[in-house]
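In: Dropping a prediction and its sequence here:
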Amino acid sequence: MGLRIPPALHHRQYRYLWIGLMISIAGSQMQIWSIFWQIRTLTDQPIALGAVGLARILPIILFSLIGGVIADTLNRRKLIFFTQSVMALAALALAFLTLTQRIQLWHIYLLTAIQAFAVAFDSPARQALVPNLVPARDLPNAFSLNSIAMQVGSIVGPALSGLVIAYFGLSYVYFFNAASYGAVILALVLIGPVKQQIMKPAAQDVAQAAKKRGVLGSLSRRGVNLKAIQEGIRFILHQPIILSTMLIDFFATFFASANTLLPIFAVDILKVSVVQYGWLSAAQSVGAVIAALVISQLKEIRRQGPIFLWSVVIFGLATVAFGLSPTWQIAFVALVFVGAADSVSTIIRNTIRQLQTPDYIRGRMTSINQIFFMGGPQLGEMEAGLVAQLFGAVFAVISGGIGCIVAVMWIMRRWPQLRTYNGDEPVLAGSQPPEQNPAAS
């Protein structure tokens with residue numbers, strides 16, 4: 001049986017967004033791995049690599065909940081225009097500082113934090129936009145394709161970064177990333193207006209907001225307030241399937257975050273060149289693309305809970321195998337399995353969350369989830385750097401993989417319904433939608 005065109009790609013608006021994201025992700029991945037390499041050239045302290053995670057997660061923690069409310073109350077498409085532009089400007093600043101040889105560690109941390117600030121608003125809007133572009137029956141397929149776009153970009157980006165650094169220099173990596181954001185901006189232009197359920201605040205909220213002035217007053221009149229944030233949190237707390245997948249996501253990536261230490265493994269343990277480092281950085285994405293392609297050919301996925309749990313366990317075991325790898329080739333294969341397992345868990349947990357969440361609150365759900373799925377790996381980078389500083393990089397990776405498996409076992413016991421989740425269960429009672437306004441964005 002030959003390959004068929006995935007159903008989600010038959011929808012023109014989603015197809016444009018998917019292509020734009022794949023290009024942009026390639027640029028972003030080039031930058032991420034180049035930043036790690038650049039920090040390694042500036043200092044040999046593992047904690048300096050871990051600090052990148054801290055620079056990324058603090059803006060997410062501070063602004064993600066606000067970003068989710070804004071994604072539910074403002075025009076998601078226009079919001080993505082703004083956030084993509086901010087990230088492009090930050091990449092240009094990195095390129096200029098590197099090209100003029102003025103770059104310092106604090107520059108990298110600051111510009112990384114600025115991009116993370118934009119991501120806090122971009123990710124909820126972008127993920128919540130996808131269900132507005134495809135019907136519910138094609139949503140699992142769309143998230144499978146999202147994973148393919150992410151992982152193809154994550155193969156091409158790191159592989160190109162090693163070559164670009166070796167033959168042209170670091171600054172050209174950042175220039176390419178800045179240009180790649182234009183692909184998403186162009187896709188948004190081609191997509192055109194998108195229908196979106198926009199939450200309207202209650203009359204008393206409007207009256208109170210009318211007394212305020214400036215930007216805060218304008219946002220509050222649109223429903224961007226503490227009450228809206230609390231509603232999103234209450235919804236998550238009343239959805240055990242969503243909450244348990246978020247917690248597994250956080251703990252798995254917190255403990256098993258081997259990415260940060262790849263420059264140390266490449267230079268000090270495996271003793272390979274920057275080009276081989278680039279391919280090692282792409283190894284997880286090779287596995288992820290293979291897994292996502294397989295899933296994209298499935299009409300439906302049943303027994304989603306057990307598959308999700310086993311994929312995270314394999315993720316932890318493969319991380320341990322990477323930590324024990326004596327050669328570049330074995331390390332590459334181990335990371336391929338890490339990526340494949342992570343891809344399966346990502347596709348299933350995204351499908352669970354989006355299908356179990358009404359559109360009016362989807363942006364807030366995504367923003368809360370963002371704290372978990374970005375907080376885990378970014379805080380995990382800091383944790384890995386600290387453990388590597390004290391006990392060595394190998395110990396940090398192996399202990400992280402074991403910690404991931406232990407966390408899965410605990411959550412399985414705490415929320416046993418995840419073990420029997422099939423994928424066709426009805427949405428549980430959570431919160432009732434307020435007055436809504438169907439609009440085109």
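Out: Great, that's in hand.

In: Only C-alpha atoms from now on, for both contacts and neighbour counts.
Out: Fine.

In: that's a helix at Arg137, yeah?
Out: Yes: counting by DSSP: H, G, I helix; E, B strand; the rest coil, Arg137 is located in a helix.

In: Can you pull out the low-pLDDT segments for the stretch 101-250 of the chain?
Out: For the stretch 101-250 of the chain, the stretches with pLDDT under 70 are 196-225.

In: where exactly do the strands run in it?
Out: 195-199 (DSSP state E, counting those that start in this stretch).

In: what are the ranges of the helices in it?
Out: 105-133, 139-167, 170-191, 203-210, 214-221, 226-237, 240-255 (DSSP state H, counting those that start in this stretch).

In: how far off helix 105-133 does the second one point, in degrees?
Out: Regarding helix 139-167 and helix 105-133, their directions subtend 150 degrees when assessed with axes from the mean of the first three to the mean of the last three Cα atoms, to 10 degrees.

In: the inter-axis angle of helix 139-167 versus helix 170-191?
Out: Using the same axes, to 10 degrees: helix 139-167 against helix 170-191 is 150 degrees.

In: And helix 139-167, what does it pack against?
Out: If contacts are counted by 3 or more Cα pairs under 8 Å, 6 or more residues apart in numbering; DSSP states H and E, helix 139-167 sits against helix 12-42, helix 105-133, helix 170-191, helix 274-296, helix 328-355.

In: Go again with 7 Å.
Out: On a contact count with 3 or more Cα pairs under 7 Å, 6 or more residues apart in numbering; DSSP states H and E, helix 139-167 meets helix 12-42, helix 274-296, helix 328-355.

In: just checking, Thr351 touches Pro140?
Out: Yes: at 5.4 Å, Thr351 and Pro140 qualify as touching, with contact defined as Cα atoms under 7 Å.

In: Compare these two (neighbour count), which wins?
Out: More crowded of Thr351 and Pro140, by other Cα atoms under 10 Å: Pro140, with 26 against 19.

In: Can you add mean pLDDT and distance to Pro59 and give the helices and strands packed on helix 139-167 back as TSV?
Out: Supplementary listing: the helices and strands packed on helix 139-167 in TSV, determined by pLDDT from 0 to 100; distance: least, Cα to Cα, whole Å:
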stretch	mean pLDDT	distance to Pro59
helix 12-42	88	17
helix 274-296	80	25
helix 328-355	84	22
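
In: just to revisit the earlier point, now distance to Val313 too, for the helices of the stretch 101-250 of the chain, in CSV please.
Out: As requested, these are exported to CSV (distance: least, Cα to Cα, whole Å):
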stretch, distance to Val313
helix 105-133, 26
helix 139-167, 19
helix 170-191, 33
helix 203-210, 46
helix 214-221, 43
helix 226-237, 24
helix 240-255, 9
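
In: To Leu42, which of these lies closest?
Out: helix 105-133 (7.6 Å; Cα to Cα).

In: and of the helices of the stretch 101-250 of the chain, who's closest to Phe332?
Out: Of all the helices of the stretch 101-250 of the chain, helix 139-167 comes closest under Cα to Cα, at 12.5 Å.

In: orientation of the closest one relative to helix 12-42 in degrees?
Out: Using the same axes, to 10 degrees: helix 139-167 against helix 12-42 is 40 degrees.

In: Measure how helix 139-167 sits relative to helix 328-355, angle-wise.
Out: Going by the same axes, to 10 degrees, helix 139-167 makes 140 degrees with helix 328-355.

In: now helix 139-167 against helix 274-296, angle please.
Out: Going by the same axes, to 10 degrees, helix 139-167 makes 170 degrees with helix 274-296.

In: Flag every buried residue along helix 139-167.
Out: 139-165 (16 or more other Cα atoms under 10 Å).

In: hang on, the earlier thing: distance to Leu188 for the helices and strands packed on helix 139-167 - can I get that in TSV?
Out: As requested, the helices and strands packed on helix 139-167 are arranged in TSV below (distance: least, Cα to Cα, whole Å):
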stretch	distance to Leu188
helix 12-42	7
helix 274-296	24
helix 328-355	21
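
In: and Ile242, which of those helices is closest to it?
Out: From these, taking Cα to Cα, the stretch that ends up closest is helix 328-355, at 5.7 Å.

In: What is the next helix or strand after the closest one packed up against?
Out: Under the assignment DSSP states H and E, the closest C-terminal helix or strand after helix 328-355 is helix 362-391. Applying 3+ Cα pairs under 7 Å, 6+ apart, we find helix 362-391 packed against helix 46-73, helix 105-133, helix 226-237, helix 240-255, helix 393-414.

In: now helix 362-391: mean pLDDT?
Out: What helix 362-391 shows for mean pLDDT is 74.

In: residues near Thr43, how many?
Out: When neighbours are counted by other Cα under 10 Å, Thr43 registers 12.

In: so how far is Ser147 from it?
Out: Distance of Thr43 to Ser147, computed by Cα to Cα, to the nearest Å: 34 Å.

In: before we move on, what about Ser123?
Out: Applying Cα to Cα to Ser123 and Ser147 gives a distance of 14 Å.

In: swap in Gly192?
Out: 24 Å.

In: before we move on, what about Thr319?
Out: 20 Å.

In: what pLDDT does Val427 get?
Out: Value for Val427, per-residue pLDDT: 53.

In: Of all the helices of the stretch 101-250 of the chain, which one comes closest to Trp415?
Out: Using Cα to Cα, the helices of the stretch 101-250 of the chain put helix 240-255 closest to Trp415, at 6.7 Å.

In: helices or strands next to that closest one in the packing?
Out: Secondary elements touching helix 240-255 (3+ Cα pairs under 7 Å, 6+ apart): helix 226-237, helix 362-391, helix 393-414.

In: could you redo the last one with a cut-off of 8 Å?
Out: Against helix 240-255 (3+ Cα pairs under 8 Å, 6+ apart) you get helix 226-237, helix 328-355, helix 362-391, helix 393-414.
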